[in-house]
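Asker: Turn this into a structure:
(2 chains)
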2 protein chains.
Amino acid sequence: MKCRVCKQTAAVALPSHHTAFCPECFSAYFARQVERAIRKHTLFEPGERILVAVSGGKDSLALIHQLAAQGYDVTALHLDLGIPHSSGPAREIVTAFCAERGFALRVVDPVEMGLAIPEVKAAVKRPICSVCGKIKRHYMNKIAHEEGYDVLATGHNLDDEVARLFANTLRWDRDFLGTQGPLMPGTGKFARKVKPLCRLSEFETAAYCFLHGLKHGTAPCPYSKGASFTGHKKLWGDLEGHSPGSKTAFYERFLTNGKPAFAHLAHQEREPLRDCGVCGAPSNLDLCGVCRIRDQLAAAKEKSGAGPTQAKTL
Amino acid sequence: MKCRVCKQTAAVALPSHHTAFCPECFSAYFARQVERAIRKHTLFEPGERILVAVSGGKDSLALIHQLAAQGYDVTALHLDLGIPHSSGPAREIVTAFCAERGFALRVVDPVEMGLAIPEVKAAVKRPICSVCGKIKRHYMNKIAHEEGYDVLATGHNLDDEVARLFANTLRWDRDFLGTQGPLMPGTGKFARKVKPLCRLSEFETAAYCFLHGLKHGTAPCPYSKGASFTGHKKLWGDLEGHSPGSKTAFYERFLTNGKPAFAHLAHQEREPLRDCGVCGAPSNLDLCGVCRIRDQLAAAKEKSGAGPTQAKTL
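Answerer: Numbers count the residues shown, from 1 in each chain, chains lettered A, B, ... in the order given. Sure thing, here's the model as predicted:
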C-alpha cells in the first residue's frame, strides 16, 4: 500500500478516510486534524495558556506533544491517584516525558487531600470510575481556574467521545446531550474545557505515539474492568468495520444536528449553582461532590477506628 | 421455569422483563402491553374505524387478531406488490386468515396502478426497500384517508422501532427524530397512523402467533437481503442480551426525552405541502413521489420499446 500523498510505502492505513500514509505524511495529517478541531470549534488561540491534563497514556502524551509542536503555550497537569501498581509508574512516565522535552509539569496529589482512590473505592458505594472521574474533573478545573490558565485541554479522542455520546444517547440524557462536545465554554468558576483530539481515533493517537517514539503507559486502570464504555467501544468498532466513517459521521452530525436541540432545553432547565461551603467549588448543593466524598471517607475511617483524616486542602 | 402469575409450567421466557409466562398468562400480558400502548399514547378509542395494514407476516396478523379480540372495529388492508414467489403466497395467507375469522379485507394491487415492484426495481436507481416503502405508505394513507377510516394501524414492533430509531439517531436526522413514535397524528390529507405493538418485541409477536395457531408467512422479502436495519437488529440483539431491557429503555426514553427536543425544531423548519397535480396526494413538489416513480417506470418501458403503461389510478 502506498502513501496517498507522496506515494512512498505507507505505514498507517486509515479505512475510515479511505486512505493510507507514510510516517511523515501521517504526522502532517494528524497535525491537520488537530488544527481543524481547534479552528472549527474555536477551542483556543495562539498565545493562550493551555493546561493539558496528562495521564501518561497515549492520548494525553500525543496531545501535549502535538500542541507544543504547533507552538502553543502548554503546561502539563498530572493527577497522582494513589492506585497501587498504576499511579506510580504513570507519574514516572509523565515526569520523564516532560523533563526530556522541557515541558512545565504541575503534579497534584489527591492522596494528600485525603482522597486516595483505593480508600475512596472502599468507602463509597457508587461505581469507582464515576467517583474517580468526579475527583479528577474537580482538581483539573480547580487548577485551571485558580492558577490562571485560559483553557484546560484533555486527550479525549473520537472513540472516547463516540462511546460517551452513545451512552448518553441510549439514556437520552438531555443535560449531557446538550453539553457534550469538543468545547465547553468557561463560565464563572468553570474553566473552558477542550478536546483537540476529537477528530482522531485511538488507533491514530497510538500510531502517532509509535511513530514519534513517545513512551506512554499501556496498562489499563486496574479498576476499569467491565466499564460499560468498553462494551460500547467494541460495538462501535464493529459498526466502523462494517461501515468505515460511521464514528465520525455520528459524532459530527450530533454536533451540528443533535446537540443544538438539547442545548436549547438544557439552557432552560438548569438550576443556578452555588459555591461549596468548604472548598468554594461550584456545586448544586451546599457541599460539592468531592467534599462530600472526602466526608464519607473520613466517616468510614473513623468508624473503622483509624481516626479522623488529616486532609490538606489545595 | 414457572409462570410468574399462575405458577404453571412456563412456555415463554422474557428476560427483558425478568419473567416467564404460561400460554394463557402470556396472552394476557400481550393484551396488556397493547392496551397500555393504546392508552398511554392515545392511539385510538373504542368505536373508531381502524384500518390495519396486513402483510401476512407475524406482526400484522398478531396485531389485527389482538385488536379484534379487544373488540375494536378492524378492517384488514393488504397490498399485493407483485413480487414473484412472495406476493402471491402472502396474499393467500391474508385472504385465508381474514376469511376464517370473518375480518373485512380490502386488497390494493399496485401492479394494476403501473407499480409492480420488480419493474420499479429495474427502472429506479434508488434502493428498492426505500422506494417500495414509499409506495406502500402512499396507498395505505390514501385508502385510510379517502375511505373514511379514523386511523391506520401497522404491525411495527419494538425491534422495528428501535432499529429505525437507531438508524435515525446515527444520522441525527432531525425530521425523523421529531416525528418517530407510536402515534403520528392525522392532519390534512394524512391519516392518523399508529403502532400498537410498539411495546412488544418480534420474539413476543412470534410467540403470540405460535400460541394462537395463527398461520403467517415466514419467508423474508427476496429484496430485503443486506438491508441496513438487519445489521442494526443484530447489534441491538447483542445489546439486549448483554443488558436486558435496553431496547425498551432506549425507545421509551426517546419518546419522553429525545423526541420533544426535535419535534420543537421540526415544527419550525417544515415547509408547507401542496397537492400532487396527478393524484392529489400531499407532496413537497408538484408531483408526489409515487407519481414520479410511475413516470420513471413508464419512461423506462417506453425506452425499452414496451410502449406506454396503461396505469389505473385508484
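Asker: who in the stretch 51-200 of chain A is up against chain B?
Answerer: Within the stretch 51-200 of chain A, the positions adjacent to chain B are A:169, A:170, A:171, A:172, A:173, A:174 by CB under 8 Å from any CB of the partner chain. C-beta here means a position set from N, CA and C on the backbone, and glycine is covered the same way.
Asker: out of those residues, which are buried?
Answerer: Among these, those scoring as buried are A:169, A:170, A:172, A:173, A:174 (criterion: 16 or more other CB atoms under 10 Å in any protein chain shown).
Asker: Now do the end-to-end distance for stretch A:8-25.
Answerer: Chord length of stretch A:8-25, first to last residue, is 10 Å (CA to CA, to the nearest Å).
Asker: Buried residues of that stretch, list them for me.
Answerer: Neighbour counts using 16+ other CB under 10 Å place A:10, A:11, A:12, A:14, A:16, A:19, A:20, A:21, A:22, A:23, A:25 of stretch A:8-25 among the buried residues.
Asker: So which of those residues belong to helices?
Answerer: The helices, defined by DSSP state H, take in A:23, A:25 from the buried residues of stretch A:8-25.
Asker: Check pLDDT for the buried residues of stretch A:8-25 and point me to the minimum.
Answerer: Among the buried residues of stretch A:8-25, residue A:16 carries the weakest pLDDT, at 82.
Asker: so who does the closest residue to residue A:42 other than its chain neighbours touch?
Answerer: Nearest non-adjacent residue to residue A:42, counting by CB to CB, 6 or more residues apart in numbering or on different chains: residue A:183, 6.8 Å away. Counting by CB atoms under 8 Å, 6 or more residues apart in numbering or on different chains, residue A:183 makes contact with A:41, A:42, A:43, A:192, A:193, A:194, A:195.
Asker: quick one: the strands in chain A?
Answerer: A:12-14, A:19-21, A:49-53, A:73-79, A:104-108, A:151-153, A:183-184, A:193-194, A:274-275, A:282-283 (DSSP state E).
Asker: follow-up on the earlier one: identify the farthest-apart pair in the buried ones among the residues of the stretch 51-200 of chain A next to chain B.
Answerer: A:170 and A:174 (13.2 Å; CB to CB).
Asker: shouldn't residue A:247 be in contact with residue A:157?
Answerer: No. With contact defined as CB atoms under 8 Å, residue A:247 does not count as touching residue A:157 (10.1 Å).
Asker: still on that earlier bit, just the contacts of residue A:183: which are in helices?
Answerer: Among these, no member falls in helices (DSSP H).
Asker: Tell me the one among the buried ones among the residues of the stretch 51-200 of chain A next to chain B nearest to chain B.
Answerer: Closest to chain B out of those is residue A:172 (4.0 Å), distances taken as CB to the nearest CB.
Asker: Up against chain B, what does the stretch 201-314 of chain A have?
Answerer: With CB under 8 Å from any CB as the criterion, the stretch 201-314 of chain A comes near chain B at residues A:231, A:235, A:238-239, A:242, A:246, A:249-250, A:253-254, A:256-258, A:260-262, A:264-265.
Asker: circling back: now list the buried members of the contacts of residue A:183.
Answerer: A:41, A:43, A:192, A:193, A:194, A:195.
Asker: Turn these into CSV, including pLDDT.
Answerer: Formatted as CSV, these follow (pLDDT from 0 to 100):
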residue, pLDDT
A:41, 97
A:43, 98
A:192, 98
A:193, 98
A:194, 98
A:195, 98
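Asker: Looking at these, which is nearest chain B?
Answerer: For the buried ones among the contacts of residue A:183, the residue nearest chain B by CB to the nearest CB is residue A:41; the value is 16.9 Å.
Asker: what sits against residue A:209?
Answerer: Residue A:209 neighbours (CB under 8 Å, 6+ apart): A:58, A:61, A:62, A:216.
Asker: Mind checking which of those are buried?
Answerer: Buried by 16+ other CB under 10 Å: A:58, A:61, A:62, A:216, out of the contacts of residue A:209.
Asker: Among the residues you listed, which pair sits farthest apart?
Answerer: Maximum pairwise distance among the buried ones among the contacts of residue A:209 (CB to CB): 8.0 Å, between A:62 and A:216.
Asker: Buried among the residues of the stretch 201-314 of chain A next to chain B? Make that a ChimeraX selection.
Answerer: Buried subset of those, written as a ChimeraX selection, criterion 16+ other CB under 10 Å:
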select /A:231,235,239,246,250,253,254,257,258,261,262,265
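Asker: For the residue nearest to residue A:42, give its distance to residue A:224.
Answerer: 26 Å (CB to CB, to the nearest Å).
Asker: coming back round to it: looking at the residues of the stretch 201-314 of chain A next to chain B, which are in helices?
Answerer: Judged by DSSP H, those include A:231, A:235, A:238-239, A:242, A:246, A:249-250, A:253, A:260-262, A:264-265 as members of helices.
Asker: Let me see the contact set for the closest residue in space to residue A:254 that isn't next to it in sequence.
Answerer: Leaving aside its sequence neighbours, residue A:254 sits nearest to residue B:172 (CB to CB, 6+ apart; 5.3 Å). By CB under 8 Å, 6+ apart, residue B:172 lies in contact with A:250, A:253, A:254, A:256, A:257, A:258.
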